[in-house]
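Asks: next input, structure requested:
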Amino acid sequence: TYTYKNKGGLSYLFGTLIIFLVFISTTQAQNAVTPQGQETNSGSNFIDKNGRIVAYTALTKQGEELFKCCDPFTDPRDGNTYNIIRIGNQCWMAENLKYLPAVSPSTTVGGTPYYYVYDYNGTNVSEAKATSNYNTYGVLYNWFATIGAWVGSSTNPSGIQGPCPSGWHVPSQSEWTQMTDYLSLYPQYWCDGNSTFLAKTISSTSGWTNDVSTCAVGNNPSLNNNTGFNGLPSGLLSGTGTFAGLNQQAYWWTATSIGSPWSYYTGVSYNNDDIIISIQRRDLQALSVRCVRNDCPYLTVPVGASHIPSATQIQWNWGAVSDATGYKYNTSDDYATATDIGLTTTFTQNVSHGTCGQFTLYIWAYNNCGVSNTGVLIEENLYTDVRDGNQYTTVQVGNQCWMKENLNYAAGGSWCYDDNATNCDTYGRLYNWATLMNGSASSSSNPSGVQGQCPSGWHIPSDAEWSEMTDYLEGNSTFWCGGVSTQIGRSLANNSGWLTGGATGCDVAASQFFNNSTNFTAIPSGIRQSLTVSPFYSYGVINSFCEWYTATESTTSPTTHAWARALNSTYEGVYRWGENKQHGYSARCVRD
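Replies: Numbering: from 1, shown residues only. Take a look at the predicted model:
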C-alpha cells in the first residue's frame with residue numbers, strides 16, 4: 001500500500017487513497033448450464049444434466065480456450081470436419097477417420113499402405129469420396145496405412161500419428177483400455193446394471209442389424225450412444241479380399257501389435273453386449289481408425305507476483321508458467337485481440353489513479369497445444385475513511401461512482417445486525433433515516449448534496465440518483481435477465497450468500513454464479529424494524545433482503561417516510577417504495 005499527493009500537496013481524493021493489489025485466478029469463467037438453465041460446473045469439468053462429463057474447461061491436458069474438446073475439428077489436409085468428445089481424460093474424434101490420399105480395390109492387399117472405401121473397387125479418389133459409404137463410414141485402412149511399419153506401440157499415448165492429422169494419433173490398446181476402464185466406473189454407461197456391458201454406450205443409434213438380446217448393440221439402438229462416441233457399423237475388409245460386416249460390426253485398429261502377423265483391434269458387434277478386444281492379421285485386414293488428440297502438458301493460470309504501482313503506472317508481474325512458450329495480455333477479457341509478449345512476465349501499464357472502480361489486466365499462457373485459463377490481475381482503488389480507518393472500494397455504474405460496500409460509520413441511531421459487531425464488518429451498519437441524514441433536510445436533487453454520515457467527498461444518493469442508476473441498467477441489455485429490461489436485480493446482487501428457497505428463473509437468489517455483472521456487490525444485509533411495543537425493534541430477513549435509504553422523503557408521507565431501494569432473494573427487479581424513517585436500513589454513498 002502507499003499514499004501519494006497531487007501537485008498542490010493536498011491529500012488525494014479527500015482522504016488517503018490506498019492502492020491494494022488483489023490477484024485472482026478465474027477458474028469458473030466458462031461454466032456450462034443445462035437446457036433448464038441450471039449451473040453445471042463441477043470442479044474443472046463441464047457436466048450435462050445427467051451428470052456426464054461433456055467437456056473440460058479451457059486448461060486441461062488437451063482442452064484449450066480456442067480448441068476445447070467439444071468443438072468440431074477441421075483437418076487442414078482435406079477439409080473434413082470431425083465432431084470430437086471427451087471421455088474421461090481423453091479427447092476422441094466422434095467419427096471414423098476419412099483421410100484418403102489414395103484408394104484401392106478390395107483385392108489389392110499386402111505389406112504396403114492401402115486405403116479402401118466399403119464396396120468401392122476402383123482407384124479414383126474423387127469417385128470414392130462421392131460414395132455414401134465414404135461420407136457415412138469413412139475409410140478402411142490396412143495396418144501399414146495405419147501404423148506405417150510392422151511393429152506398433154503399446155505405450156500410452158502411442159506416439160504414432162499414422163493417418164491422423166497433426167496433433168492427433170492412433171490410440172494404442174492401452175489407450176482403448178483406459179477409455180473402457182473409465183466407462184466401467186460410471187453406471188450411466190452400463191447396460192442392465194452390468195459394468196462390462198459397454199458396447200451400446202459407444203455405438204450409434206441407427207444402422208445396426210436387429211438383435212433380441214437385451215444389451216446387444218442391435219437391440220433398441222435408440223438407447224445407444226450416451227457417450228457421444230457414435231460408433232457406426234462400418235464393416236471391414238476381410239482376409240479374403242471382400243468387404244463384409246456393414247451394419248453389423250464396427251472395428252478400429254489399435255497401434256499395438258502382438259507377434260507376427262497379429263495386431264490388436266477394438267470394436268463392437270450388433271449381437272454383442274461388451275466391447276470387443278481381439279486380434280486381426282495385419283497383412284490382410286482393413287479396419288476403421290479413430291484418432292485421439294495428443295496429450296499436452298497442463299498450462300496453469302498465470303498468477304500475479306509482486307507488483308510496483310505508482311501514481312501514473314502499474315508494473316504488473318506474474319509468475320512463470322511451466323511448459324508455456326509465451327504470454328499474452330489485454331485490458332479486456334478478449335484473447336483474440338491480446339498482445340503477445342513472448343516469455344516476458346512483466347508489463348507496465350499507464351494509468352490514472354483516482355478514477356472510479358478498479359484496474360484489471362488479463363493474462364494468458366500459451367504453447368503449441370493451447371491457451372491457459374484467464375489469469376485476472378486486479379488493482380482495487382481503496383478509499384480510506386479518515387474518521388475511523390474503514391476502507392471502501394469503488395464501482396462505476398454509468399456516470400456514477402458508488403461505494404462497493406455498505407457504509408459502516410458508527411453513529412447514534414445506527415446498529416449492527418442482531419447487535420453483533422461482527423455483522424457490521426460483513427454487512428455494514430443499519431441506520432434510521434434521521435441518523436443517516438445527520439441533520440440535513442430531504443433532497444430530491446441529482447446529486448443530492450447531502451453528505452449525511454458519508455465521509456468527506458461523498459454523499460447520500462437521492463431518489464433521483466438511484467433512478468439514474470436503475471434507468472442506466474434498464475437501458476443496457478447487458479444487465480437484463482431473461483431479456484426483460486426491468487429484471488436487473490441480479491446485476492446488482494452479490495453472486496453468493498443469498499437464501500435460495502423459493503427462488504426461480506431470474507430471481508436474485510437463483511443461479512447466483514451469474515449475478516453481479518455491475519460489480520455493485522449488493523449483499524443481503526437484512527433490516528432493523530422499528531416496533532410500537534416492547535422490545536420496540538426486531539432484526540430480520542438477513543441473507544434474503546437488503547434495503548437502502550435515499551436522501552429523499554416520500555411524496556405520500558414525507559413526515560414519516562423516505563424513499564428506499566431494495567433487493568429481495570425471490571424478486572427479479574429493484575424495489576422502490578416509501579419506508580418508515582424509524583427503521584434501520586443499509587446505506588451506500590456516491591462520490592461527489
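Asks: now Trp190: how far from Trp150?
Replies: To Trp150, Trp190 is 38 Å away according to C-beta to C-beta, to the nearest Å. Where you see a C-beta, it was placed from the backbone N, CA and C, and this is true even at glycine.
Asks: can you pull out the helices in this protein?
Replies: 125-129, 132-137, 143-146, 173-183, 199-202, 421-427, 433-437, 463-474, 489-492 (DSSP state H).
Asks: buried stuff in stretch 488-508?
Replies: 488-494, 497-500, 503, 506-508 (16 or more other C-beta atoms under 10 Å).
Asks: low-confidence regions, the stretch 351-500 of the chain specifically.
Replies: Scanning the stretch 351-500 of the chain for pLDDT under 70 picks out 352-354, 368-369.
Asks: please apply the same query to the stretch 51-200 of the chain.
Replies: 51-70.
Asks: return the residues in contact with Gly578.
Replies: The contact partners of Gly578, by C-beta atoms under 8 Å, 6 or more residues apart in numbering, come to Ser554, Thr555, Thr556, Ser557, His561, Ala562, Trp563, Ala564.
Asks: next, work out how far apart the first one and Lys581 are.
Replies: Read it as Ser554. With C-beta to C-beta as the criterion, Ser554 and Lys581 are 9 Å apart.
Asks: common neighbours of these two, please.
Replies: His561, Ala562.
Asks: circling back: which of the contacts of Gly578 count as buried?
Replies: Ser554, His561, Ala562, Trp563, Ala564.
Asks: tell me what the third one is bridged to.
Replies: Each beta-bridge partner of Ala562 is listed here: Glu553, Glu579, as defined by DSSP bridges.
Asks: what sits against it?
Replies: Trp433, Ser442, Tyr549, Thr550, Ala551, Thr552, Glu553, Ser554, Gly578, Glu579, Lys581.
Asks: and the third one, how many neighbours?
Replies: Think Tyr549. Residues near Tyr549, counting by other C-beta atoms under 10 Å, number 28.
Asks: tell me how far it lies from Trp458.
Replies: 15 Å.
Asks: the fourth one now?
Replies: When distance is defined by C-beta to C-beta, Thr550 is 15 Å away from Trp458.
Asks: looking only at neighbour counts, state which of these two leads.
Replies: Thr550 (30 against 25).
Asks: pLDDT score assigned to the more buried one?
Replies: At Thr550, the model reports a pLDDT of 98.
Asks: tell me the one of the contacts of Ala562 nearest Cys164?
Replies: Among these, Thr550 lies closest to Cys164 (C-beta to C-beta), at 65.4 Å.
Asks: you'd agree that closest one is up against Asp463?
Replies: Yes - between Thr550 and Asp463 there is a contact at 4.5 Å, judged by C-beta atoms under 8 Å.
Asks: who touches both of those two?
Replies: The contact lists of Thr550 and Asp463 share Trp563, where a contact means C-beta under 8 Å, 6+ apart.
Asks: and stretch 320-328, which residues are buried?
Replies: Buried residues in stretch 320-328 (16+ other C-beta under 10 Å): Val321, Ala324, Tyr327, Lys328.
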